[in-house]
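K.L.:
Based on what follows, work out the 3D shape:
(one chain, ligands or ions: 1)
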Amino acid sequence: MALKDVIGQESAIKILKSAVLKRKAASAYLFHGPSGIGKRLAALNFAKALNCTAAEGDGDACGSCTPCRRIEGGMHPDVLEVRPEKGVIRIDEIRSLEEALSLSAYEGSFKVAIVDEAHLMKIEAANAFLKCLEEPPAGSVIILVSSAPERLPDTIRSRCQAIGFKPLCGRDMALLLEDRIKEPDKKGKTLQSLIGLSMGRPGLVIGNGKGADILKKRQDFLKALHEMLFSKPGGSKNPVWADKEEIEDFMDGLELFLRDLLVLRTTGREDLLMLGPEVPGELKTIFKTAEEEVIIDCYRGVTEIREGLVYNPNKSILWNYTAGMLKRLLPHPEKRPG
Ligand SMILES: [Zn+2]
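P.N.:
The predicted structure is shown next:
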């Protein structure tokens, strides 16, 4: 694999290849954009391009020399990666990264440090990291990867060259998924609904080491939404979310659901729905009754909830708050089921 295999991110890849060609890599980058669109993949392949011993004429890595293969396998001593554990990046991990960066490269021409989901650094970790960015060790390249760059301190963001990544278009998604998904899932309808549900984020379908299964996530979301809107008070063990990741998955599903509602209200076309055909009957009542203003209000509400997740809200309070917000989508009380 090389930079050319990062599909749908032409402008980002062009900047990176040109930095390699000119031997003018920045000391720190911030790769930002929604999750599951290839930011970390680009970071790894940029590390390859910087250290490749048989680089292509356009600045890309060859993908097959010893450094390229070591980086691919996570075995290169000069390419370091920190990823969050249980939703946080701790200060001791940042300290050992700093220490490793301060040593000269073992064999590569560049030391590359990748911090995945960098906004999950705890504040003291971010402070420690800032020192590293202020005085970057010679010959090192730091790449922060983040799907929520607004959660990073300004002092960190301002020291990085920002490179934006975008969701993929339908054509690129089809190209990528046809190649990667298993035989039974390939058949027309499933492929189409996978493309719709992934919102241009292939990582949600093919998984980035987490084995994400988008179709199962859709089922989980619809079940949770049904529970939230129709279970009788005290009748079930709310909330159904186990952790922050499940809350984020729910909010992903909810955005899609609200998008579907709005599409249906404005176009009346069921064929344009992403979740539509699978939505169970009781939830479908909302399709007929939800008012546009309320849908838009709920959409704003979801954005606010996402921003608030950084403060680790109480799950039960958040569940009830979200339920209260969404119940405005239901038919008027006298027609409301249950
Ligand atoms: Zn190579």
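
K.L.:
just checking, residue 169 touches residue 9?
P.N.:
No. At 11.3 Å, residue 169 and residue 9 do not qualify as touching, with contact defined as Cβ atoms under 8 Å. For every residue, glycine as well, the C-beta is placed using N, CA and C.

K.L.:
Just want to know which of these two has more residues nearby.
P.N.:
Each of residue 169 and residue 9 has its neighbours counted (other Cβ atoms under 10 Å); residue 9 has more, 23 against 11.

K.L.:
wouldn't that one be in contact with residue 37 here?
P.N.:
Yes. In this structure, residue 9 is within contact of residue 37 by Cβ under 8 Å, at 7.3 Å.

K.L.:
where do the contact lists of these two overlap?
P.N.:
Applying Cβ atoms under 8 Å, 6 or more residues apart in numbering, one finds that residue 9 and residue 37 are jointly contacted by 165, 166.

K.L.:
check which helix or strand covers residue 69.
P.N.:
Residue 69 belongs to helix 66-72 when assigned by DSSP states H and E.

K.L.:
Give me the buried stretch members for that helix, please.
P.N.:
Residues 67, 68, 70, 71, 72 are the ones in helix 66-72 that count as buried (16 or more other Cβ atoms under 10 Å).

K.L.:
what does the domain assignment say about this protein?
P.N.:
The chain breaks down by automatic domain parsing into domains covering 3-164, 169-212, 214-335.

K.L.:
Looking at the ones you listed, which one is packed in the most?
P.N.:
Of all the domains of the chain, domain 3-164 has the most neighbours on average by mean count of other Cβ atoms under 10 Å, namely a mean of 19.

K.L.:
avg pLDDT for that one?
P.N.:
Average pLDDT, domain 3-164: 92.

K.L.:
wait, does that domain contact the ion?
P.N.:
Yes. Domain 3-164 lies within reach of the ion by Cβ under 5 Å from the ion, at 52, 54, 61, 62, 65, 68.

K.L.:
Not counting residues beside it along the chain, what's closest to the fourth one?
P.N.:
In other words, residue 62. Leaving aside its sequence neighbours, residue 62 sits nearest to residue 54 (Cβ to Cβ, 6 or more residues apart in numbering; 4.2 Å).

K.L.:
for that neighbour, phi and psi?
P.N.:
phi -140, psi 50 (degrees, to the nearest 10).

K.L.:
hang on, it packs against residue 65?
P.N.:
Yes. Between residue 54 and residue 65 there is a contact at 4.6 Å, judged by Cβ under 8 Å.

K.L.:
related to what we said a few turns ago, can I get the residues of domain 3-164 next to the ion in TSV including distance to residue 220?
P.N.:
Below are the residues of domain 3-164 next to the ion laid out as TSV (distance: Cβ to Cβ, whole Å):
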residue	distance to residue 220
52	42
54	46
61	38
62	42
65	43
68	38
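
K.L.:
Quick check: longest helix in this structure by residues?
P.N.:
helix 244-267 (DSSP state H).

K.L.:
Quick one: list the elements packing against that one.
P.N.:
For helix 244-267, the elements it packs on are helix 214-230, helix 281-289, helix 292-308, helix 315-326, judged by 3 or more Cβ pairs under 8 Å, 6 or more residues apart in numbering; DSSP states H and E.

K.L.:
Of the ones you listed, which is nearest the ion?
P.N.:
helix 214-230 (32.9 Å; Cβ to the ion).

K.L.:
How about the stretch 151-300 of the chain: which residue is closest to the ion?
P.N.:
Scanning the stretch 151-300 of the chain for proximity to the ion using Cβ to the ion identifies residue 163 as nearest, at 21.7 Å.

K.L.:
Verify the stated contact: that residue with residue 25.
P.N.:
No. Between residue 163 and residue 25 there is no contact under Cβ under 8 Å: 11.7 Å.

K.L.:
Extract the C-alpha trace of the host helix or strand of residue 125 and format it as PDB.
P.N.:
Using DSSP H and E, residue 125 falls within helix 123-134. Extracted in PDB, the C-alpha atoms of helix 123-134 (Å, rounded to 0.1, in the frame of the first residue of the first chain):
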ATOM      1  CA  ILE A 123      -5.300  18.200  29.300                       C
ATOM      2  CA  GLU A 124      -2.000  17.400  31.000                       C
ATOM      3  CA  ALA A 125      -1.000  15.200  28.000                       C
ATOM      4  CA  ALA A 126      -1.800  18.100  25.700                       C
ATOM      5  CA  ASN A 127       0.300  20.400  27.700                       C
ATOM      6  CA  ALA A 128       3.300  18.000  27.700                       C
ATOM      7  CA  PHE A 129       2.800  17.600  24.000                       C
ATOM      8  CA  LEU A 130       2.900  21.300  23.400                       C
ATOM      9  CA  LYS A 131       6.500  21.500  24.500                       C
ATOM     10  CA  CYS A 132       7.300  18.900  21.800                       C
ATOM     11  CA  LEU A 133       5.600  21.000  19.200                       C
ATOM     12  CA  GLU A 134       7.300  24.200  20.300                       C
END
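
K.L.:
Skip ahead from that helix and say which helix or strand is next.
P.N.:
Following helix 123-134 toward the C-terminus (DSSP H and E): strand 140-146.

K.L.:
Dump that following strand to PDB, restricted to CA.
P.N.:
Provided in PDB are the C-alpha atoms of strand 140-146 (Å, rounded to 0.1, in the frame of the first residue of the first chain):
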ATOM      1  CA  SER A 140      11.000  14.400  13.100                       C
ATOM      2  CA  VAL A 141       7.500  14.700  11.700                       C
ATOM      3  CA  ILE A 142       4.500  14.700  14.100                       C
ATOM      4  CA  ILE A 143       1.100  13.900  12.700                       C
ATOM      5  CA  LEU A 144      -2.000  14.500  14.700                       C
ATOM      6  CA  VAL A 145      -5.100  12.700  13.400                       C
ATOM      7  CA  SER A 146      -8.400  14.000  14.600                       C
END
